[in-house]
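**Q** predicted model follows, preceded by the sequence.
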Amino acid sequence: MEQLERMSPEILIYLQNLKEFLKVNDAARKYFEIERNEEVFFDYLTELSIKNFKDSGEPQLTLEQFELIRQRMNGEVDPERKVSLGLFMSLGVYGGVSLN
């Protein structure tokens, strides 16, 4: 709770908007498996939003960050396996591959 008190209004508004969206969007709740542990999901979301705000002045998460949260929620995160949704996909120790 102390962390919320120190957050900028931009971060709080962004997080509140996401919470409201996820309340009404069952597909998103299912995709991120929020029902499994909603508190952990929002902890990850808050952590990345604060980082983004400090780095760029914007709290919004990227698609890659949302995918990282989904992977964390599913227990799929492996530090050696990083996924990028761009032109190239990094497969950790296997290097980058093109989907072209």
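**A** That came in fine, so what should we check first? Numbers count the residues shown, from 1 in each chain.
**Q** only C-alpha atoms from now on, for both contacts and neighbour counts.
**A** OK.
**Q** mind giving me the packing neighbours of the helix or strand hosting L68?
**A** Assessed by DSSP states H and E, L68 sits inside helix 63-73. If you count contacts as 3 or more CA pairs under 8 Å, 6 or more residues apart in numbering; DSSP states H and E, helix 63-73 packs onto helix 26-32, helix 38-56.
**Q** quick one: the ones you listed as TSV, columns for distance to K19, mean pLDDT and mean neighbour count too.
**A** Below are the helices and strands packed on helix 63-73 laid out as TSV (distance: least, CA to CA, whole Å; pLDDT from 0 to 100; neighbours: other CA atoms under 10 Å):
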stretch	distance to K19	mean pLDDT	mean neighbour count
helix 26-32	10	89	13
helix 38-56	9	93	16
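**Q** turn those into CSV, including distance to S8.
**A** Below are the helices and strands packed on helix 63-73 laid out as CSV (distance: least, CA to CA, whole Å):
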stretch, distance to S8
helix 26-32, 25
helix 38-56, 9
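**Q** low-confidence bits of the protein, can you list those?
**A** 1-5, 76-100 (pLDDT under 70).
**Q** tell me the contacts of the residue nearest to F32 when sequence neighbours are not counted?
**A** Closest residue in space to F32, ignoring its immediate chain neighbours: R70 at 5.0 Å, by CA to CA, 6 or more residues apart in numbering. Neighbouring residues of R70 by CA atoms under 8 Å, 6 or more residues apart in numbering: 31-33.
**Q** distance of R70 from R29?
**A** 10 Å (CA to CA, to the nearest Å).
**Q** F21 versus the spatially most central residue of the chain, what's the distance?
**A** The chain has F66 as the residue nearest its centroid, 3.2 Å off, counting by CA atoms, centre = their mean. Distance of F66 to F21, computed by CA to CA: 14 Å.
**Q** so how far is S49 from F66?
**A** 11 Å.
**Q** ditto for Q65
**A** Distance of Q65 to S49, computed by CA to CA: 10 Å.
**Q** how about E38?
**A** For E38 relative to S49 (CA to CA), the value is 16 Å.
**Q** A27 now?
**A** From A27 to S49 the distance is 22 Å (CA to CA).
**Q** and which of the contacts of R70 is nearest F53?
**A** F32 (22.5 Å; CA to CA).
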